[in-house]
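In: Task: produce atomic coordinates for the following.
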Amino acid sequence: MSTRIAFLKGHGTENDFVIIPDPENVIDLPPAAVAALCDRRAGIGGDGLLHVVRSAAHPEARAMAAEAEWFMDYRNGDGSVAEMCGNGVRVFAHYLQRAGHVAEGDIAVATRGGVKTVHIAKEGDITVGMGKALLPEGDVTVSVGERSWPARNVNMGNPHAVAFVEDLDHAGDLYAAPPFSPASAYPDGVNVEFVVDRGLRHVALRVHERGSGETRSCGTGACAVAVATARRDGADPAVTGTPATYTVDVPGGRLIITERPDGEIEMTGPAVIVAEGEIDAGWLETATP
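Out: Sure thing, here's the model as predicted:
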């Protein structure tokens, strides 16, 4: 391994990431190394890590290489693997453009949640095609302390439980994962969103991201919230033939979510690169047990 490893730091609505460019997939990133890099005191700090790899060079993405040249090998802040990260896809695409790998316009990005279509505007925000939401049947309940709420089960390529509350403070500190039931609903854990209304087709949320704790934003969570809110409001674009657009405020900013009549969901929001530098590989080895 090189004594120096290039990295960048970026965020999408303050959901922040360590970015490791590794086109040929030669850098070993075990869970402990990812957790060390994402540590906010002893590492670089981030809610997660974006490992930038050519699809053809990664065993989990080779089957998607004909559709998408680049694979977002996304990891949670604790080092665990995740299927998708909506804010991460926008930052990933912004990095690809900055590095000269892609130009503005439409590009395809491979993820463990499938190939995502991304539109990079000439100026301003980035729009991501997030795919279709699945709405598994069955009642789900989430709890914080002595309070419990019914939650909508929404899958955006990763699992979400969406609970409507009277006050976002009712979500508590969200350091630990809120308990849910039944356990069979989410055998691998779940992202939990607590939601309040702000106005017509306008909501705000707080989120506990599986493997990361409370984060400033969650793109797939914002999509799940928009879908759950639309169904609560009696809006189903597949039935009405009319797109449903919701403004979703997250602690780190604002996202615009549109569900189209064909079920496809689009998320629009900002992406920022704030720094770049080098990781000392010797430090990383000592920081990894």
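
In: quick one: low-confidence parts of the protein?
Out: 1-2 (pLDDT under 70).

In: domains for it, by residue range?
Out: As recorded under automatic domain parsing, the domains making up the chain are 4-125+271-287, 140-268.

In: Stretch 280-289: which residues count as buried?
Out: Buried residues in stretch 280-289, counted by 16 or more other C-beta atoms under 10 Å: 284, 287-288. (Glycine included, C-beta is placed from N, CA and C.)

In: no wait, stretch 111-130
Out: Applying a neighbour-count criterion of 16+ other C-beta under 10 Å, one finds 111-113, 115-120, 125-130 buried in stretch 111-130.

In: Ala56 contacts Ala65, doesn't it?
Out: Yes: using C-beta atoms under 8 Å, Ala56 is in contact with Ala65, at 4.3 Å.

In: Columns distance to Leu134 on top of the domains of the chain, output as a markdown table?
Out: Shown next, in a markdown table, are the domains of the chain (distance: least, C-beta to C-beta, whole Å):
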| stretch | distance to Leu134 |
| --- | --- |
| domain 4-125+271-287 | 11 |
| domain 140-268 | 4 |
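
In: where do the strands sit along the stretch 101-250 of the chain?
Out: Along the stretch 101-250 of the chain, the segments classed as strands by DSSP state E, counting those that start in this stretch run 105-111, 114-120, 126-132, 140-144, 147-155, 159-164, 180-181, 191-199, 202-209, 213-215, 244-250.

In: To Gln97, which of those lies closest?
Out: strand 114-120 (5.6 Å; C-beta to C-beta).

In: if we look at that closest one, which residues are touching it?
Out: Under the contact criterion C-beta atoms under 8 Å, 6 or more residues apart in numbering, strand 114-120 has outside partners 64, 67-68, 84, 89-90, 93-94, 97, 102-110, 126-131, 157.

In: what do you get if the cut-off is 7 Å, keeping everything else the same?
Out: Contacts to strand 114-120, defined as C-beta atoms under 7 Å, 6 or more residues apart in numbering, come from residues 64, 67-68, 89, 93, 97, 104-109, 126-131, 157.

In: Quick check: Gly48 vs Gly10, distance?
Out: Gly48 sits 11 Å away from Gly10, going by C-beta to C-beta, to the nearest Å.

In: Start and end of stretch 180-194, how far apart?
Out: Stretch 180-194 has an end-to-end distance of 13 Å (C-alpha to C-alpha, to the nearest Å).

In: just checking, Ile107 touches Ala93?
Out: Yes: contact status for Ile107 versus Ala93: in contact at 6.3 Å, counting by C-beta atoms under 7 Å.

In: Pick out whichever of the two has more residues nearby.
Out: For Ile107 and Ala93, the more surrounded residue by other C-beta atoms under 10 Å is Ala93, and the numbers stand at 26 against 19.

In: and the end-to-end length of stretch 209-219?
Out: With C-alpha to C-alpha applied, stretch 209-219 spans 11 Å between its terminal residues.

In: and Arg41, how many neighbours does it have?
Out: Arg41: 5 surrounding residues under other C-beta under 10 Å.

In: For Val89, list the residues it contacts.
Out: Val89 sits in contact with 72, 109, 111, 116, 118, 128, where contact means C-beta under 7 Å, 6+ apart.

In: Touching both of Gly48 and Gly10, which residues are there?
Out: Phe17.

In: so who does the residue nearest the centre of the chain touch?
Out: Most central in the chain under C-alpha atoms, centre = their mean is Cys85, positioned 2.3 Å from the mean C-alpha point. Cys85 makes contacts with 48, 74, 219-220, as judged by C-beta under 7 Å, 6+ apart.

In: one more time with 10 Å, if that's ok
Out: The contact partners of Cys85, by C-beta atoms under 10 Å, 6 or more residues apart in numbering, come to 12, 15, 17, 47-50, 72, 74-76, 91-92, 111-113, 157-158, 209, 212, 215, 218-221.
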